[in-house]
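S.K.: Take this sequence and fold it.
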Amino acid sequence: FKAREQQQTPPIHVMVSATTAASFSATCFVCGWFFANQLNSPVAARRRRHSPDEPGQAFVLLVDVVFSSVADRDTALRLWTPVAEHCRANEPGTLSYEAAISDSDPRRIVFLERYIDKENAYLGKHKASPAFRRFRDSLASLEPQITGHSYLATDIGYL
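M.R.: Residues are numbered from 1 along each chain as shown. A predicted model of the protein is given here:
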């Protein structure tokens, strides 16, 4: 807390409610942000740390997309927004789903996708969803260069 005081960072205003030792929720008084954690849930169990020799169960995709123009990039982001909203509302196995624009090439986006697992959350739920299929078809019409890589999370570090 001393470092925070020296930086004159405004304090965080959070109310924590504990229902059991393994379950709690927190709400920020300032912005209304809400966080709930079930330490014994299947999601939490898959997020627990693993050794580098034993990857976690989370399935991670990094998809690098380069468009011919910034206008095409902006079109892709507009098309992607409803898919991201769909994931948040309907895909509890999607842990994160984010787009980032390159700071060195404004035509480039990287999509970071993280799922509880590959078989159910990614292939079974996300990739099969009508929202994702519409996006994929629309993205293809923009003819971008797409390079993707998949990984198994080690859960070392944090997101």
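S.K.: right, and the helix or strand after the strand or helix carrying Ala99?
M.R.: Using DSSP states H and E, Ala99 maps to strand 94-101. Counting by DSSP H and E, the next helix or strand C-terminal to strand 94-101 is strand 108-115.
S.K.: Dump that following strand to CSV, restricted to CA.
M.R.: The C-alpha trace of strand 108-115 is given here as CSV (Å, rounded to 0.1, in the frame of the first residue of the first chain):
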residue,chain,number,x,y,z
ARG,A,108,-2.9,-5.7,-38.1
ILE,A,109,-5.1,-7.1,-35.3
VAL,A,110,-4.3,-10.0,-33.0
PHE,A,111,-7.2,-11.9,-31.5
LEU,A,112,-6.5,-13.5,-28.1
GLU,A,113,-9.0,-16.3,-27.3
ARG,A,114,-8.9,-18.4,-24.2
TYR,A,115,-11.2,-21.3,-23.5
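S.K.: in it, what's buried?
M.R.: Arg108, Ile109, Phe111, Glu113, Arg114, Tyr115 (16 or more other Cβ atoms under 10 Å). No exception for glycine: its C-beta is placed from N, CA and C like everyone else's.
S.K.: The fourth one against Gly93, yeah?
M.R.: No - when contacts are counted by Cβ atoms under 8 Å, Glu113 is not listed as touching Gly93 (11.2 Å).
S.K.: where do the contact lists of these two overlap?
M.R.: Applying Cβ atoms under 8 Å, 6 or more residues apart in numbering, one finds that Glu113 and Gly93 are jointly contacted by Tyr122, His126.
S.K.: contact partners of the strand holding Ala99?
M.R.: 43, 47, 58, 73, 77, 80, 83-84, 87-88, 108-116, 121, 125-126, 159.
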